[in-house]
Structure formats: C-alpha cells, structure tokens
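Okay, sequence plus prediction incoming.
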Amino acid sequence: MLFQKIQAALFSLFIIPFVLPLVLLDAFELPYWQSVLVYALFALPVVFLYGTTMSLLSEYLSEKTPFRSKRMTSLMFHLIAGWLFVLPYGLLFDLSIFETGVFNFASLLGVLSAAVFFIIDQLLGHYFKTS
C-alpha cells in the first residue's frame, strides 16, 4: 500500500501544479506557466510528506469505521485532511492566513490537492487491483 501511495504522490505532482492555476485563476497574479512553477515548488514537500501520511491514515481510519462505503469514507477523510492542512501551515508559518477565516486560499488548495491525490490513488488501486 505504501508503494501505491508513493506512486499516487508522484502522479499527483505531475497533475496538481497544472490543475490549480486553472481552478484558482490569478491567485498569484502570474502568468499560467509561472504559476505552475510556483505550485510545483510548494507541492513537492507537501504532497510527499503530508499527503502521503494523511492518505495512509485516512485509508486506515476508513477501514476501522462501521460505514459500508469505505471509499466514500476515505474520500471524506482525504478532503478533511486537505482542508486541515491550513492549521499546521498557519500555526507554523503564517498566522495572518486566519484573517480571512478557515475557508481561505490555503484550505481550498489543500482540498483540491487532496481530491486529486485521492482520485489518482483510486485509479492506481483499480488499475493494479489493490483496492
């Protein structure tokens, strides 16, 4: 399972930087290709460290819940973990991010990135028949 999560992280790193500038237009007020580079720079450590860890945790938690749909439960855990990324980021690096509330730019980035990671992980699991 860890190998599949690492593969999902690698594929996500090739997709997330290209998708986010399309969804969040003019977030950095840069042209598209420069925005791709900025997202790629910040996505690398976040996807590998936080994303892979949270994905493993959400898969584990979804297996322990009494709900029938483990896939939907895992998706919810992925999205919540993506949304909660704003907490450690804000507390460690930038407290001013909370001035706009908990539904802000960073939490939107986290949710979109978590959704992309989850979709790729599910596609890999379906392709290799591991989930």
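Right, received. Where do you want to start? Numbers count the residues shown, from 1 in each chain.

okay, which residue is most central for this protein?
Centroid check for the chain by C-alpha atoms, centre = their mean gives Ala114 as the closest residue, at 2.5 Å.

Need the pLDDT of it.
Looking at Ala114, its pLDDT stands at 93.

which helices and strands sit right next to the least confident helix or strand in the chain by mean pLDDT?
The weakest-scoring helix or strand in the chain, judged by mean pLDDT, DSSP states H and E, is helix 86-92 (a mean of 77). Judged by 3 or more C-beta pairs under 8 Å, 6 or more residues apart in numbering; DSSP states H and E, helix 86-92 is in contact with helix 105-127. (Glycine included, C-beta is placed from N, CA and C.)

Send over the helix it packs on as CSV, restricted to the C-alpha atoms.
Listed next in CSV are the C-alpha coordinates belonging to helix 105-127 (Å, rounded to 0.1, in the frame of the first residue of the first chain):
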residue,chain,number,x,y,z
PHE,A,105,-6.9,30.2,-0.2
ALA,A,106,-4.7,27.6,1.6
SER,A,107,-7.6,25.4,2.6
LEU,A,108,-9.0,25.5,-0.9
LEU,A,109,-5.6,24.4,-2.2
GLY,A,110,-5.5,21.6,0.3
VAL,A,111,-9.0,20.3,-0.6
LEU,A,112,-8.3,20.4,-4.3
SER,A,113,-4.9,18.7,-3.9
ALA,A,114,-6.4,16.0,-1.6
ALA,A,115,-9.2,15.3,-4.2
VAL,A,116,-6.6,14.9,-7.0
PHE,A,117,-4.5,12.7,-4.8
PHE,A,118,-7.5,10.5,-3.9
ILE,A,119,-8.6,10.2,-7.5
ILE,A,120,-5.2,9.2,-8.7
ASP,A,121,-4.8,6.8,-5.7
GLN,A,122,-8.1,5.1,-6.5
LEU,A,123,-7.3,4.9,-10.2
LEU,A,124,-3.9,3.2,-9.4
GLY,A,125,-5.7,0.9,-7.0
HIS,A,126,-8.3,-0.1,-9.6
TYR,A,127,-5.6,-0.5,-12.3
